[in-house]
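Engineer: build the 3D model from these lines:
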Amino acid sequence: MAESEKPHIVGLNHIALEVGDIEEALAFYGRLFRFELRGKSDSMAFIDLGDQFIALQKGRQQPADDGRHFGLVVDDKETARKALKAAGVIPLDGPFLDFRDPWGNRIEIVGYDNIQFTKAPNVLRGMGLTHLGKNEQAKKELAKKGMAMSKQDKSVA
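Structural biologist: Coordinates of the predicted model:
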């Protein structure tokens, strides 16, 4: 099959996490982060991330994740570190800010300013986060790929 006949991966719509109990999971994550719910039932809850979401699904049965994880982007990594400490969550050893939730899901906290991942200006506006920007290293990485924010992009923000 030719490359042109394959779909191009564009991004992630959502991450699904299995948890033991929906209400307990919402309480746990609510101690760590500010968020809005998209929807909720007895067996599912959907944490809104603007144009993406995290789906919490009741029914975790497998052992704790070791290397398998996802990077959760936050507006302020140091505030996240303080929230973890205040909630009694002990970060995992290593160079990153990783932790496991009570059901063994491994999550890495990543600061928005320090990575290539970029929300569209209209999404940031809708989330009330228009103040977010990128550090110089992230800007260089984006520019190298031809993805630096242009004046036209800034005018949309």
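Engineer: could you give the number of residues near Leu97?
Structural biologist: Residues near Leu97, counting by other Cβ atoms under 10 Å, number 20. Using the backbone N, CA and C atoms, a C-beta is placed for each residue, glycine as well.
Engineer: okay, it: pLDDT?
Structural biologist: Per-residue pLDDT puts Leu97 at 97.
Engineer: what's the answer for Ile9, then?
Structural biologist: Turning to Ile9, the model gives it a pLDDT of 88.
Engineer: what of the one 10 residues further on?
Structural biologist: Model confidence at Val19, given as pLDDT, is 97.
Engineer: what ranges do the strands span in the protein?
Structural biologist: With DSSP state E as the criterion, the chain has strands at 14-19, 36-40, 44-48, 53-58, 70-74, 97-100, 106-111.
Engineer: ok and the third one relative to strand 70-74, angle-wise?
Structural biologist: What it means is strand 44-48. Here strand 44-48 points in a direction 50 degrees away from that of strand 70-74 (axes from the mean of the first three to the mean of the last three Cα atoms, to 10 degrees).
Engineer: using CSV, lay out the strands of the chain together with distance to Thr118.
Structural biologist: Converted to CSV, the strands of the chain look like this (distance: least, Cβ to Cβ, whole Å):
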stretch, distance to Thr118
strand 14-19, 18
strand 36-40, 21
strand 44-48, 18
strand 53-58, 18
strand 70-74, 10
strand 97-100, 20
strand 106-111, 13
